[in-house]
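Chemist: next one to model:
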Amino acid sequence: MSSDAAVETIINDFVAAIHPNFNYVLTDTAFSACLLTLLVVLFAFSTQESRRRLVFRLNVLAIIVALALGVFSSMVSGRAILDPFNQVSKGIYIASVVFAVFPPVLYDSILLTRLFALYPVATTPRITLLKIFAFPLCVKCARVIVLSFGVNNYVSSQLSTASLEQEQAAAWFRNPYMVSEWTMQIADNMYSVSIFLYNLHLRTSLVKRAGGIAQRIRQIFYISLANFVFPLIFNIAQIICITTDRSPTTGTELLTMNNYITVMGVLCATLWFSGTEWVRSRNDQSRDNVFSSPKPQFARDHVAGGRSGSDVVVIARGTVTLDTTSSDTKADSRRLATPEKEDKYTLV
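Modeler: Numbers count the residues shown, from 1 in each chain. Okay, here's the model as predicted:
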């Protein structure tokens, strides 16, 4: 009986030891699979024109970075489960830490590009751009500096992966660098989203709320709000965990999920916009097949790169393109003729 009890104790201790790493593997696998699917959908619904935009390339980069986080984290956790006495190298372990804490700065920078739809670089005075973007740029630089000090302080104190893992609890609890980073992230996101939503309200307050336009404005509002609310919830939860719980297990899971969910929030805006362009592109091709006569040349809007008569809401410069096919081309040609260099800006 004593031997059976000893075996049961060993098994229970082993299960308890690998349980956190098993949760990490499940989290990374599930979210990585979701991001891989979203990457395929992003390319499927994108057009040749949308792929040339900076925001599209940044979204692809964000997905790749998040997938790299999943790979490194799974390598560390998987080795801890399958071969607990032979951990991964210190370089791989440090890479998993770097990909866990630094990418949110990149994701928040992608969200910041939405402001260029309201303040195009080509037409906005330099002093206005400085006033709008000085605060978020300074905050992001401060976040990078704080994270660099925090990671360096953590990895330079130990010489092996095993010692780093043993030092996790001490380095985690009430870590001033991480608390500062998450606090600045809250302020950064709150500023960007507040500026965007406030200007969106001002520039659309005089617009006649036709059905299609009102629906799209609501979609823009909800997407922008979701990009802020979910990271905010996770940031608050992370701060609570790091100040009250000495074990880094729950906090690490929240940190990992926050990375994936932030990327998904950024992708929601791009997928919605790409889907709109994809439908418009297919409609244009259908009209080309039906009508053999040459099509008239339409002016191009500076947000979607679409044609006059498209259903894209143009927030910049205070103009709106109605979803109509009426013959009111005199006003459209005057409003929609904008420089081609502004095509790279998107709404959200």
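Chemist: would you mind measuring from residue 234 to residue 259?
Modeler: For residue 234, the distance to residue 259 (CB to CB, to the nearest Å) stands at 9 Å. Where you see a C-beta, it was placed from the backbone N, CA and C, and this is true even at glycine.
Chemist: looking at the two, which one has more neighbours?
Modeler: Neighbour totals were compared for residue 234 and residue 259, and residue 259 leads with 26 against 20 (other CB atoms under 10 Å).
Chemist: in contact with that one, which residues?
Modeler: The contact partners of residue 259, by CB atoms under 8 Å, 6 or more residues apart in numbering, come to 66, 69, 100, 103-104, 107.
Chemist: same check, this time on residue 182
Modeler: For residue 182, the contact set (CB under 8 Å, 6+ apart) comprises 235, 238-239.
Chemist: now it, what's its secondary structure?
Modeler: For residue 182, the secondary structure call by DSSP: H, G, I helix; E, B strand; the rest coil comes out as helix.
Chemist: so it versus residue 41, what's the distance?
Modeler: Distance, residue 182 to residue 41, using CB to CB: 30 Å.
Chemist: go on, residue 146?
Modeler: Going from residue 146 to residue 41 by CB to CB gives 35 Å.
Chemist: surely residue 38 touches residue 63?
Modeler: Yes. If you go by CB atoms under 8 Å, residue 38 and residue 63 touch, sitting 7.0 Å apart.
Chemist: pull up the overlap in contacts between those two.
Modeler: Contacts common to residue 38 and residue 63, judged by CB under 8 Å, 6+ apart, are residue 267.
Chemist: what backbone torsions are found at residue 174?
Modeler: Phi and psi for residue 174, reported as degrees, to the nearest 10, are phi 50, psi 40.
Chemist: pull the number of nearby residues for it.
Modeler: Using other CB under 10 Å: residue 174 sits among 10 other residues.
Chemist: isn't residue 110 up against residue 63?
Modeler: No. Residue 110 lies out of contact with residue 63 (CB under 8 Å); the separation is 11.0 Å.
Chemist: is it fair to say residue 143 lies in a strand?
Modeler: No. Looking at residue 143 with three-state DSSP, it is helix, so not inside a strand.
Chemist: surely it meets residue 183?
Modeler: No. Counting by CB under 8 Å, residue 143 does not reach residue 183; the two are 9.8 Å apart.
Chemist: what is the top helix by length along the chain packed up against?
Modeler: Longest helix of the chain, by residue count under DSSP state H: helix 2-45. With contacts taken as 3 or more CB pairs under 8 Å, 6 or more residues apart in numbering; DSSP states H and E, helix 2-45 sits against helix 54-82, helix 249-290.
Chemist: the ones you listed: lowest mean pLDDT?
Modeler: Among the helices and strands packed on helix 2-45, helix 249-290 has the lowest mean pLDDT, at a mean of 70.
Chemist: tell me where the stretch 201-348 of the chain is predicted with low confidence.
Modeler: By pLDDT under 70, the low-scoring segments of the stretch 201-348 of the chain are 203-222, 226, 269-348.
Chemist: state the pLDDT value of the nearest residue to residue 128 once chain neighbours are set aside.
Modeler: Of all residues not flanking residue 128 in the chain, residue 119 sits nearest, at 6.7 Å (CB to CB, 6 or more residues apart in numbering). Looking at residue 119, its pLDDT reads 84.
Chemist: could you do the one 5 residues further on as well?
Modeler: Residue-level confidence at residue 124 comes out at 88, pLDDT.
Chemist: tell me the contacts of it?
Modeler: By CB under 8 Å, 6+ apart, no residues touch residue 124.
Chemist: tell me the secondary structure at it.
Modeler: Residue 124 ends up coil, using three-state DSSP.
Chemist: distance check, it against residue 141.
Modeler: Distance of residue 124 to residue 141, computed by CB to CB: 22 Å.
Chemist: likewise residue 170?
Modeler: Counting by CB to CB - residue 170 and residue 141 are separated by 29 Å.
Chemist: what's around the residue nearest to residue 128, how many residues?
Modeler: 18.
Chemist: what distance separates the start and the end of stretch 83-94?
Modeler: In stretch 83-94, first residue to last residue: 19 Å (CA to CA, to the nearest Å).
Chemist: er, stretch 153-172 I mean
Modeler: End-to-end for stretch 153-172, by CA to CA: 12 Å.
Chemist: contacts for that stretch next, please.
Modeler: Against stretch 153-172 from outside (CB under 8 Å, 6+ apart): 87-90, 93-94, 97, 177-178, 242, 246-248, 251.
Chemist: can I get those in CSV with secondary structure and distance to residue 22?
Modeler: Below are the contacts of stretch 153-172 laid out as CSV (DSSP: H, G, I helix; E, B strand; the rest coil; distance: CB to CB, whole Å):
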residue, secondary structure, distance to residue 22
87, coil, 16
88, coil, 16
89, coil, 22
90, helix, 23
93, helix, 18
94, helix, 22
97, helix, 20
177, helix, 28
178, helix, 24
242, helix, 23
246, coil, 21
247, coil, 16
248, coil, 16
251, helix, 17
